[in-house]
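Asker: After the sequence you'll find the predicted model.
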Amino acid sequence: MERSLKRWWPLFVLPTALAFLVGFLIPFGMGLYLSFCDFTTLSDAVYVSVANYIKAFSDASGEFVHALWYTALFAVVSTAIINVLALGVALLLTRGFPGTNAFRTVFFLPNLIGGIVLGWLWQVLLNGVLARWNATLVTSEWYGFWGLLLVVCWQQLGYMMIIYISGLTTIPEEVMEAAAIDGASARQAFWHVRLPMLMPSVTICTFLTLTNGFKLFDQNLALTNGMPGNRSQLLALNIYTTFYGRTGWAGAGQAKAVVFCLIVVSIALLQLRLTRSQEASG
């Protein structure tokens with residue numbers, strides 16, 4: 001069997017490698033090249049060096065820079081809230097009380113709803129509440145921020161909860177019993193036994209929530225569409241409106257996309273390194 005695998009493994013790897021080449025590497029390479037070009041279609045691209053990057057960051061309206069820090073703030077806050085709440089719910093739902101499976105299902109269901117539908121539903125609900133104060137989600141960029149945060153937390157909490165529950169159920173009962181025998185309180189057992197053993201789940205959940213926070217698009221589009229005055233735009237929506245909504249800005253939109261990609265990859269790698277080091281020390 002081992003000899004056969006060594007002989008035929010390229011045949012099994014080839015479909016995946018081709019899909020990765022066609023679906024990611026080639027488009028990424030073309031996109032990187034186009035970020036240095038002025039173009040309307042692929043056939044009329046003209047090389048302009050770093051002009052698109054200068055144009056993206058020197059926009060008089062400052063939309064891109066605003067979207068950068070606005071997205072970073074949203075990603076950090078949403079990551080913290082989702083993971084704390086998901087872990088708290090997971091701890092409650094692993095206590096074994098009646099109806100646990102039903103509660104797990106209820107918490108997970110929002111994750112099955114599409115982002116556009118979800119954003120539209122919450123837009124109606126939140127605007128109905130804010131109408132009591134003669135306001136809407138697009139009255140202020142911060143109304144949009146907190147509204148979007150509520151939507152994303154509600155949607156993603158159940159998915160992260162499932163990952164944390166999986167991690168909690170793999171912790172041996174003997175370890176917890178040994179901690180109790182040694183006199184550890186419930187709080188001490190959590191911080192010094194459960195949480196270190198739960199670090200693989202923490203790594204996965206923080207990676208997913210952090211990258212999702214930076215890449216969020218459809219909920220942002222449906223909930224506020226960047227209003228008022230494009231001040232509630234996250235990066236993905238800002239890139240989309242730059243590329244498709246501003247004549248002559250396709251190259252700058254592509255440059256923004258490259259910067260966006262580099263930021264997400266860098267932050268994801270840094271986060272993975274930090275949480276993996278915690279796994280090793282734990």
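Answerer: Received the coordinates, thanks. Fair warning: this is a prediction, and the values are worked out from it, not measured in the lab.
Asker: what's next to the helix or strand harbouring L11, contact-wise?
Answerer: Using DSSP states H and E, L11 falls within helix 2-20. Outside helix 2-20, no residue is within contact range by C-beta atoms under 8 Å, 6 or more residues apart in numbering. C-betas here are computed from N, CA, C, even on glycine.
Asker: Need the pLDDT of the nearest residue to V46 once chain neighbours are set aside.
Answerer: Excluding its sequence neighbours, the residue lying closest to V46 (C-beta to C-beta, 6 or more residues apart in numbering) is D38, at 4.9 Å. The per-residue pLDDT reported for D38 equals 91.
Asker: Then L14?
Answerer: For L14, the model assigns a pLDDT of 89.
Asker: That one: neighbour count?
Answerer: Close neighbours of L14, defined as other C-beta atoms under 10 Å, add up to 10.
Asker: picking that back up, ok, and for the helix holding L11, which residues are buried?
Answerer: For helix 2-20, a neighbour-count test (16 or more other C-beta atoms under 10 Å) marks nothing as buried.
Asker: Show me what counts as buried in whatever helix or strand comes next after that helix.
Answerer: On the C-terminal side of helix 2-20, the closest following helix or strand by DSSP H and E is helix 26-34. Neighbour-count burial for helix 26-34, with 16+ other C-beta under 10 Å as criterion, is recorded at L34.
Asker: Alpha carbons of helix 26-34, as CSV, please.
Answerer: Extracted in CSV, the C-alpha atoms of helix 26-34 (Å, rounded to 0.1, in the frame of the first residue of the first chain):
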residue,chain,number,x,y,z
ILE,A,26,-3.5,32.8,-11.5
PRO,A,27,-6.3,35.3,-10.5
PHE,A,28,-4.1,36.5,-7.6
GLY,A,29,-1.2,37.0,-10.0
MET,A,30,-3.3,38.9,-12.5
GLY,A,31,-4.8,41.0,-9.8
LEU,A,32,-1.4,41.9,-8.4
TYR,A,33,-0.3,42.9,-11.9
LEU,A,34,-3.4,45.0,-12.6
